[in-house]
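> Provide a 3D model corresponding to the input given below.
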Amino acid sequence: MYKVPSFTPTWHHSPATIMDPLIPSLSAQNKTVLVTGGGSGIGKATAIAFAQAKARAVVITGRTQSSLDSAKSEIEEAARVQNNRDFQCVAFCADVADSKAIDDVFSQVVQKFGRVDVLVSNAGYLDENALIAESDLDDYWQCFETNVKGALIVVKAFLKTHPQLQSTTATPTETSKPVIINISTGAAHVSPHIMIRFSAYASSKLAAWHIFDFLQAEEAQTLSVFNLQPGEIPTAMTKKGHNNLAKDDVRLPAHWCVWLAAKAETDAAFLRGRFIWANWDLEELLSRREQVEKEDLLKIALSGWGEEFVRNYVD
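Now for the predicted structure:
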């Protein structure tokens with residue numbers, strides 16, 4: 001059994017108190033949050049965390065109506081317990097790969113709440129984990145339909161609701177920049193030798209990660225984009241991937257999302273466009289801010305090539 005290396009000395013399986021959604025400084029008050037794949041697992045936990053953080057509305061999407069209805073009840077109960085009286089939760093049965101359905105979701109949300117302040121792109125698909133030679137093409141490609149095309153459809157629908165994000169010369173007219181959090185996976189960058197049989201999922205997630213990288217570069221002045229590896233959470237997807245060792249608390253990535261959204265323009269600003277593992281210790285990560293920025297760490301790169309060129313070009 002291998003041990004995954006950590007960027008911070010401390011490794012967490014459950015969320016630290018520094019990112020508890022009940023902390024007043026992490027309040028999502030007056031914000032509308034949309035979570036794809038919000039009917040179960042990480043998506044549902046994230047929606048619950050934002051309800052606890054006093055978001056004014058949480059919107060969830062998914063493909064199974066019964067799961068969405070059940071999640072909606074849990075999310076509303078979490079808001080009620082925290083006395084979030086004016087809170088609203090809306091659920092839409094929609095496939096992220098269906099552009100018409102997703103456009104309709106965002107249109108209805110904007111009509112009802114005015115805008116989406118935080119987008120958590122969480123919906124994903126995992127294939128049957130076959131070797132490339134033995135894989136079923138349709139099942140393999142479904143990873144790209146959901147994890148790449150689906151993510152792109154959701155992002156484009158989100159951008160349409162923020163006209164200022166579609167102009168290279170426009171400046172934000174809102175009190176804070178919109179936030180997008182891409183729920184990714186360590187499989188996107190871990191060596192294939194460790195992730196044999198995960199080529200479809202890993203490759204599609206890497207492609208999506210790069211799309212979010214481009215999005216941050218294109219909207220550097222108007223949008224905050226983060227990429228988060230959620231940890232090994234015992235969900236239906238991890239069971240499908242035969243990961244019986246998943247033991248991280250589902251609240252781990254959920255609380256990270258709340259913290260990133262609340263601190264996007266302050267403490268978390270240096271993490272925009274970078275890749276974070278939810279298991280890392282937040283305080284230790286913050287202590288390495290200068291190093292991360294100076295060496296431009298936690299980004300997609302070709303190791304051993306062009307570091308100085310890229311650094312000079314970007315600057």
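> Look up the closest residue to Phe106, ignoring the ones flanking it.
Once flanking residues are discounted, Phe106 sits nearest to Ala157: 4.4 Å by C-beta to C-beta, 6 or more residues apart in numbering. In short, each C-beta sits where N, CA and C put it, glycine included.
> okay, the one you found: pLDDT?
Each residue has a pLDDT score; the one for Ala157 is 98.
> where exactly do the helices run in the stretch 201-315 of the chain?
With helices called from DSSP state H, counting those that start in this stretch, the stretch 201-315 of the chain shows them at 236-240, 251-262, 282-287, 289-295, 307-314.
> So for Asn84, which of the ones you listed sits nearest?
helix 251-262 (13.4 Å; C-beta to C-beta).
> Quick check: Ala207 touching Phe144?
Yes - contact criterion C-beta atoms under 8 Å: Ala207 and Phe144 qualify, at 7.2 Å.
> These two - which one has more neighbours?
Counted by other C-beta atoms under 10 Å, Ala207 and Phe144 do not tie: Phe144 has more neighbours, with 20 against 17.
> okay, now the residue lying closest to that one once chain neighbours are set aside: neighbour count?
Spatial nearest neighbour of Phe144, excluding adjacent residues (C-beta to C-beta, 6+ apart): Ser204 at 4.8 Å. Ser204 has 29 neighbouring residues, counting by other C-beta under 10 Å.
> pretty sure Val120 belongs to a strand, no?
Yes - Val120: assigned to a strand according to DSSP: H, G, I helix; E, B strand; the rest coil.
> partner residues bridging it?
Beta-bridge pairing of Val120, defined through DSSP bridges, involves Val35, Ile181.
> Ser14 against Asp249, yeah?
Yes - the pair Ser14 / Asp249 is scored as a contact, 3.9 Å apart, by C-beta under 8 Å.
> of these two, who's got more company?
Asp249 (17 against 13).
> Which residues are in contact with the more buried one?
The neighbourhood of Asp249, defined by C-beta atoms under 8 Å, 6 or more residues apart in numbering, consists of 13-15, 231, 233.
> Narrow these to just the buried residues.
Neighbour counting with 16 or more other C-beta atoms under 10 Å marks 15, 231, 233 as buried within the contacts of Asp249.
> what's the spacing between the first one and Trp256?
Spatial separation of Pro15 from Trp256 under the definition C-beta to C-beta, to the nearest Å is 7 Å.
> same thing with the second one?
Relative to Trp256, Gly231 is positioned 9 Å away (C-beta to C-beta).
> shared neighbours of those two, which are they?
With C-beta under 8 Å, 6+ apart as the test, Gly231 and Trp256 both reach Ala278.
> Now Ser27: closest residue in space, sequence neighbours ignored.
In space, Ser27 is closest to Lys54, 5.1 Å off (C-beta to C-beta, 6+ apart).
> Backbone dihedrals for the one you found, please?
Note on Lys54: backbone dihedrals following degrees, to the nearest 10 are phi 70, psi 30.
> try Ala123
Backbone geometry at Ala123, expressed as degrees, to the nearest 10, gives phi -60, psi 140.
> Same question for Thr61.
phi -120, psi 160.
> Can you work out which other helices and strands pack against the helix or strand that contains the residue nearest to Phe106?
According to DSSP states H and E, Ala157 maps onto helix 151-160. Counting contacts by 3 or more C-beta pairs under 8 Å, 6 or more residues apart in numbering; DSSP states H and E, helix 151-160 packs against helix 99-113, strand 118-121, strand 179-183, helix 199-218.
> could you redo the ones you listed as JSON lines and give each row distance to Leu282 and mean pLDDT?
Compiled in JSON lines, these are given as follows (distance: least, C-beta to C-beta, whole Å; pLDDT from 0 to 100):
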{"stretch": "helix 99-113", "distance to Leu282": "30", "mean pLDDT": "98"}
{"stretch": "strand 118-121", "distance to Leu282": "18", "mean pLDDT": "98"}
{"stretch": "strand 179-183", "distance to Leu282": "15", "mean pLDDT": "98"}
{"stretch": "helix 199-218", "distance to Leu282": "21", "mean pLDDT": "97"}
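> and these as CSV, adding distance to Ala78?
Below are those laid out as CSV (distance: least, C-beta to C-beta, whole Å):
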stretch, distance to Ala78
helix 99-113, 19
strand 118-121, 16
strand 179-183, 19
helix 199-218, 28
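> And these: which comes nearest Leu131?
Here helix 199-218 is closest among the helices and strands packed on helix 151-160 (C-beta to C-beta), at 8.2 Å.
> Just the buried residues of that closest one, please?
Buried, per 16+ other C-beta under 10 Å, within helix 199-218: 199-209, 211-213, 215-216.
> what is the orientation angle of that helix with strand 179-183?
160 degrees (axes from the mean of the first three to the mean of the last three C-alpha atoms, to 10 degrees).
> give the contact list for Pro230.
Applying C-beta under 8 Å, 6+ apart to Pro230 gives the contacts 42, 183, 185, 248, 252-253, 256, 278.
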